[in-house]
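A.B. asks: Let me see the structure of the following:
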Amino acid sequence: MSQGSNFVDYVKICCRSGKGGAGSAHLHRDILTSMGGPDGGDGGRGGHIIVKGSIHIWTLLHLKYRKHIIAEDGGAGGSSHKFGKQGKDEILEVPLGTIAKDAETGEVLFEITKDGETKILTAGGRGGLGNAHFKNSVQQTPRFAQPGEQGQEVWNILELKVLADVGLVGFPNAGKSTLLSVVSAAKPEIADYPFTTIVPNLGIVSYRGGKSFVMADIPGIIEGASKGKGLGYRFLRHIERNSVLLFMVPADTSRSIKEEYEILKSELESYNPELMQKPHVLAITKSDMLDDELMDEMKQDLPGIPSIFISSVAEKNILELKDMLWKAIEG
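C.D. replies: Numbering: from 1, shown residues only. Coordinates of the predicted model:
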């Protein structure tokens, strides 16, 4: 994923599905028949607006400026029981992890999680029945047919929540982007100032035996992120879809390791208590500046979760960290 405006994870769109075509009230006439019976065909269905999952798309950018999505109307039925043309469906390709909501009520309609998965966002109107359907012993030449059903016009929200096996959680400048750049081919922006990462970055992490897992670098959280401070609130929803949460605390933090972990955990719990049910792993970063005696001393005050001292720059304990994460993912 690239930085800045190319990453869009929320769009609000007006969806108008196609109107169904009218049924035909035609009566059969030809050179040999002057008073034939009803032979009106059915109208065609109006076009649906369909959402389709694609592994080749990472953002909703292509929908940002398409505020109105309009599907084609169905065609009218014809003589000789001819069906009307079906309206063309509008297919919106979205990244995996996209949720569709009703903009008025906030109700979640569905979620796209698989490549090629399709869901109807707004259904097209049904085509009207032709007069041939209404013929009976009492009414042998009905001169009427059904009109087509109206399409729907509704406002919907598409919201992307990044799907990843491991989500990196930490304050700004905790070393999240550096770790991602070392363990994968991702090239996130790295600098020595806060909020270098302003959009989520994904990387594929290679593991033993040809295995791999997806790691997501989420923009840094600050105290009060669950109340809307900083960038955290906007991107906290991406953490919801990660199987394992890797908390990253730098060894040179002004607080204790345990205190910083508890603050991060508190922000996630305030946002969504269900995040506490996910496996947590703690990585103490920038540990190449620590000697063994200092590390032993710091180990006495670590929280009771799987923990490891790492250095992305020196590639210290990186393989051991992968082992720990894989165990958490498989567990």
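A.B. asks: Helices of the stretch 101-250 of the chain, residue ranges please.
C.D. replies: 176-183, 232-239 (DSSP state H, counting those that start in this stretch).
A.B. asks: Need the distance between the two termini of stretch 302-322.
C.D. replies: 20 Å (Cα to Cα, to the nearest Å).
A.B. asks: my bad, should have said stretch 14-27
C.D. replies: Start-to-end, stretch 14-27 (Cα to Cα) is 40 Å.
A.B. asks: Please apply the same query to stretch 265-276.
C.D. replies: 8 Å.
A.B. asks: what pLDDT, on average, does that stretch get?
C.D. replies: Per-residue pLDDT values over stretch 265-276 give a mean of 86.
A.B. asks: related to what we said a few turns ago, of the helices of the stretch 101-250 of the chain, which is nearest Phe83?
C.D. replies: Phe83 sits nearest to helix 232-239 of all the helices of the stretch 101-250 of the chain, at 44.7 Å, using Cβ to Cβ. No exception for glycine: its C-beta is placed from N, CA and C like everyone else's.
A.B. asks: that older thread, weakest of the helices of the stretch 101-250 of the chain in terms of mean pLDDT?
C.D. replies: helix 232-239 (a mean of 66).
A.B. asks: Poorly predicted segments of the stretch 51-200 of the chain, please.
C.D. replies: Filtered on pLDDT under 70, the stretch 51-200 of the chain yields the residue ranges 186-199.
A.B. asks: which stretches of it form strands?
C.D. replies: For the stretch 51-200 of the chain, the strands defined by DSSP state E, counting those that start in this stretch cover 68-70, 90-95, 98-102, 108-112, 118-122, 153-160, 164-169.
A.B. asks: Distance to Gly21 and mean neighbour count for these - can I get that in CSV?
C.D. replies: Formatted as CSV, the strands of the stretch 51-200 of the chain follow (distance: least, Cβ to Cβ, whole Å; neighbours: other Cβ atoms under 10 Å):
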stretch, distance to Gly21, mean neighbour count
strand 68-70, 16, 14
strand 90-95, 17, 19
strand 98-102, 27, 20
strand 108-112, 26, 16
strand 118-122, 17, 19
strand 153-160, 18, 18
strand 164-169, 45, 26
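A.B. asks: That's all I had, so thanks and see you.
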